[in-house]
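J.: got a predicted model here, sequence first, then my questions.
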Amino acid sequence: MFTLKIDKIIKHSDSISTLFFNSRLKSYPGQFIMLNLPEYEEIPLSLSSSASVTVKAVGETTKALIRIKAGERVGIRGPFGKPFSFTDKRALLIAGGIGVAPLFYLYDYLSDRGAEVEVLYGAKTSEELVWKDKFESAEFTTEDGSEGFKGTVLDLVKQKDLSEFDRIYVCGPEGMLKEALNLLKKLNLLERSEFSLERYMRCGIGLCGSCVLDDGSRVCADGPVFNGKDLDGLI
């Protein structure tokens, strides 16, 4: 483990912040770190850039991270895990809630390489939509109708011709992932898709077994990014 200083903080809402480190990590979109805050449980967090994590306050550690100040230090292990694969053609990013974090990193990565990237991004309320001004081609949904299309992001996805995209990337809550997987299976597009999974991870390196899927795959080591065809029947 090594430590990094929190260099800058962007507070998106009362419960969501992006923490920027004072050094970039050698990483790729889709990878994660194990972050240690003294007196709190070590947790996995997806990278939202090579030098940041975007955090939503849901547990004790994340609530503490929302309160952290610039200049404080955190412990880091990683980056770990299998990243997204890349395309220089047409890409669709489907984000639900804080699942936008690794997809934001991927958006910049693909755009820098000349890909044509479109984003469909949904959250419960407009306050939970982060980085929305950073996407050039994006449509938004909120469940309460406070911004964009009223409904879930999958309601919007179902209105699109997904066959137009060379690659489809998905990250969000488990229920959303399952619905997206079933939709892509019906459209015979699973092989074009990649999903970033979230599971409880203790070690981050495939030893403890806390994040094992039904087929024996370890989300931390064999993922967290999986091709859609490999997830059929597992989520």
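T.: Nice, I can see it.

J.: how does the protein divide up, domain by domain?
T.: Domain assignment for the chain by automatic domain parsing gives 2-80, 90-231.

J.: mean confidence score for the longest one?
T.: Pointing back at domain 90-231 there. Averaged across domain 90-231, pLDDT comes to 94.

J.: first-to-last residue distance for that domain?
T.: 23 Å (C-alpha to C-alpha, to the nearest Å).

J.: all helices of the protein, in order?
T.: For the chain, the helices defined by DSSP state H cover 60-66, 100-112, 153-157, 174-186, 219-222, 228-231.

J.: counting by contacts, list what the last one packs against.
T.: In other words, helix 228-231. When contacts are defined as 3 or more C-beta pairs under 8 Å, 6 or more residues apart in numbering; DSSP states H and E, helix 228-231 sits against helix 174-186, strand 193-196. For the C-beta atoms, the positions are set from N, CA and C on the backbone; glycine is no exception.

J.: in its sheet, what does the shortest one sit against?
T.: Strand partners for strand 193-196, identified by DSSP bridges, are recorded as strand 167-171 (parallel), strand 225-227 (antiparallel).

J.: how about the CA coordinates for that strand, as CSV?
T.: Presented in CSV, the C-alpha positions along strand 193-196 are these (Å, rounded to 0.1, in the frame of the first residue of the first chain):
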residue,chain,number,x,y,z
SER,A,193,-21.3,-5.4,-24.9
GLU,A,194,-19.2,-5.0,-21.8
PHE,A,195,-20.4,-4.7,-18.2
SER,A,196,-18.6,-3.3,-15.2
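
J.: which other residues reach it?
T.: 30, 46, 84-85, 99, 102-103, 167-171, 177, 180-181, 184, 223-228, 231, 235 (C-beta atoms under 8 Å, 6 or more residues apart in numbering).

J.: ditto for the first one
T.: Helix 174-186 is touched from outside by 94, 96, 99, 152-154, 157-158, 162, 168, 170-172, 190, 192-193, 195, 197-198, 228, 231-232, 235, with contacts defined as C-beta under 8 Å, 6+ apart.

J.: the strands paired with strand 193-196 into CSV, with extra columns for mean neighbour count?
T.: Putting the strands paired with strand 193-196 into CSV (neighbours: other C-beta atoms under 10 Å) gives the following:
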stretch, mean neighbour count
strand 167-171, 26
strand 225-227, 19
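
J.: which strand runs longest in this protein?
T.: Looking across the chain with DSSP state E, the single longest strand is strand 2-11.

J.: and that strand, what does it pack against?
T.: Helices and strands touching strand 2-11, by 3+ C-beta pairs under 8 Å, 6+ apart, are strand 16-21, strand 73-80.
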